[in-house]
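> mind folding the following:
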Amino acid sequence: MRLVCISDTHYYPVGQTIPDGDILIHAGDLTKTGTYLQIAKAGAWIGSLPHKHKIVVAGNHDKLFEKDYNLARLALGDGHNGIQYLQDQVAVIKGLVFYGAPWSVEYHGWAFGNTPGTYESRSRWEKIPMGVDVLITHGPAKGILDKAPNGFPLGDSDLSLTIERVQPRIHVHGHIHHSYGMAQVGKTLRVNAALCDEAYVHMNKPIVLDVKKSGIVRVGNG
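Alright, predicted model coming up:
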């Protein structure tokens, strides 16, 4: 099964081709400020892609999903053209278990801000069940593909503990544009799929994973 992983498109990636595959994963920040119109435009673009299944989570820029969940899903086109929006929810596709969550460490009041070390934070991450194959969050776990340009780690320490507990095969996220890339940490392949760089220029390529029961047999850039 081929997974095509993207994040932080902030509308759609200018001048880039998204590789075909079985499942498209968008790990949040579809838009710049998360208005209805912006989400509708992003949803129309995602819906036009050829992938049979398209799993989407929101990010801190996608404000309408936090303000009005149902209206945002309507704008996105959830349930149409293969789009499946996950907000602290599970989906099972072709035998793989996916879990999607929009949270990232709180930053100046943007959407889905999480404060590690609090009861609310622990409760959010404790919802993630055992047996998840592919964990999709907007923000990274602390210390892995989470460095700002100044080297400061911006990831979530509570999410780190959850990944240690659940041990998904793959963790896909975005949010920290500067730390785009992949890292194998224990049993989990970490994927920062942010397409934008720090200047919001679409410099990075989609990350393509071929997944079989025996493991991840191909890793590449689209």
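
> which residues does Ala91 contact?
Residues in contact with Ala91 (Cβ atoms under 8 Å, 6 or more residues apart in numbering) are Ile55, Gln84, Val97, Phe98, Tyr99, Gly100. (C-beta placed from N, C-alpha, C; glycine too.)

> any chance of CSV for those residues, columns distance to Leu209, pLDDT and secondary structure?
Below are those laid out as CSV (distance: Cβ to Cβ, whole Å; pLDDT from 0 to 100; DSSP: H, G, I helix; E, B strand; the rest coil):
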residue, distance to Leu209, pLDDT, secondary structure
Ile55, 13, 98, strand
Gln84, 18, 98, strand
Val97, 15, 97, strand
Phe98, 13, 98, strand
Tyr99, 16, 98, strand
Gly100, 16, 98, strand
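
> summarise which helices and strands the longest helix seen in the chain is packed against.
Within the chain, and with DSSP state H defining each element, the longest helix by residue count is helix 36-48. When contacts are defined as 3 or more Cβ pairs under 8 Å, 6 or more residues apart in numbering; DSSP states H and E, helix 36-48 packs onto strand 53-56, helix 64-67, helix 69-76, strand 83-85.

> show me what counts as buried in the longest one.
To tie it back to what came earlier, the one meant is helix 69-76. Ala72, Arg73, Leu74, Ala75, Leu76 (16 or more other Cβ atoms under 10 Å).

> again with stretch 110-120
Those would be Trp110, Ala111, Phe112, Asn114, Pro116, for stretch 110-120 by 16+ other Cβ under 10 Å.

> who are the contact partners of the spatially most central residue of the chain?
Nearest to the mean C-alpha position of the chain, by Cα atoms, centre = their mean, lies Ala27 at 1.7 Å. Neighbour list for Ala27: 5-8, 57, 59, 136-138, 172-175, 193 [criterion: Cβ under 8 Å, 6+ apart].
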